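>>> Kindly return the folded structure for what I paste below:
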Amino acid sequence: MSRGSEQRQVTIDRLTRAARVALGSGRALDDRLIADICEQNGVHPTAFRRFFATDDALLDAVNEQLVHDCVNRLRSAVDAFDAIDLAGSDADADGADAAGPESDDPVGVAARMLADSWPLDRGGLIIRAQRRLRALTSQGGDGDAAAAAERSFVEQLVPVFEDLMAKLDRRFTWSPTLAVRVVVDTYERSFESWLLMGNREEDFDASPYATRTLPVLLRGTSEPLPSA
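Take a look at the predicted model:
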């Protein structure tokens, strides 16, 4: 990459991160927001369109950055996860479906670990909602781009969840893509409800979704590996 290309990418990254902060606080994507992030990063507003041809291009870049950070947080949490150390190797995960939220079976511990890794915060939820709203209200067929971004998000998460299943000595019985899609959609909606009810986002790992629903989903879409 040439020096000019590197500098251009640095500027794009800075504008994207500044927009992410602003949008995550609930601001609308409008001319005032664009002027503000340009001022913060020493970019003249008239030069902004050399980096982002449309407002949707900026929003897509913000969402892509958000997804990248989300996947990295989950990847780090799964890589560090050890079900045996945390829950004991003798736990019977399939027999734990009737257990209460305090159950320490490996799948239950894994579910709380996923929530505790904080893959999505309030700002990220707001940004993703804005992207979907713009796609729904667009008259130019922008929904295809939004749908493609969602598919890419799930595809990036599939290897992470497959590695988690391997650590739990399990494998997906559902299509991995479908299983991860169900987890992503239910997680996001449940996290949204948790916040709407006035709960703290950092406490979501103790929510009914993280302690009961998510373990059931992880078990219901998978099975233990056959004995050697």
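>>> give me the element the residue nearest the centre of the chain is part of.
What sits nearest the mean C-alpha location of the chain, by Cα atoms, centre = their mean, is Cys70, with 4.4 Å. Following DSSP states H and E, one finds Cys70 within helix 55-80.
>>> one step back: could you measure from the residue nearest to the residue nearest to the centre of the chain when sequence neighbours are not counted over to Ala47?
Among residues not flanking Cys70 along the chain, Pro119 sits closest, at 4.6 Å (Cβ to Cβ, 6 or more residues apart in numbering). Yep, even glycine has a C-beta here, placed from its N, CA and C like the rest. Remark: distance between Pro119 and Ala47 (Cβ to Cβ, to the nearest Å) = 34 Å.
>>> Show residues contacting the helix or strand hosting Gln9.
Gln9 is located in helix 3-24, with elements delineated by DSSP H and E. Around helix 3-24, the neighbours that count as contacts under Cβ atoms under 8 Å, 6 or more residues apart in numbering are 1, 29, 33, 36-38, 40-41, 43, 48, 51-52, 58-59, 61-62, 65-66, 121-124, 126-127, 130.
>>> From the chain's centre, how far out is it? Work that out for me.
Centroid separation for helix 3-24 versus its chain: 20 Å, with Cα atoms, centre = their mean, to the nearest Å.
>>> helix or strand right after that helix?
For helix 3-24, the following helix or strand on the C-terminal side (DSSP H and E) is helix 31-40.
>>> tell me what that next one is packed against?
Packing partners of helix 31-40 (3 or more Cβ pairs under 8 Å, 6 or more residues apart in numbering; DSSP states H and E): helix 3-24.
>>> Give the lowest-confidence helix or strand of the chain, using mean pLDDT as the measure.
When the helices and strands of the chain are scored by mean pLDDT, DSSP states H and E, helix 83-87 comes last with a mean of 58.
>>> Next secondary structure element downstream of that helix?
Once helix 83-87 ends, the next helix or strand along the chain (criterion: DSSP H and E) is helix 106-116.
>>> Give me the mean pLDDT for stretch 128-147.
Averaged over stretch 128-147, pLDDT sits at 81.
>>> List the buried residues in it.
Arg128, Gln130, Arg131, Arg132, Arg134, Ala135, Asp142, Ala145, Ala146 (16 or more other Cβ atoms under 10 Å).
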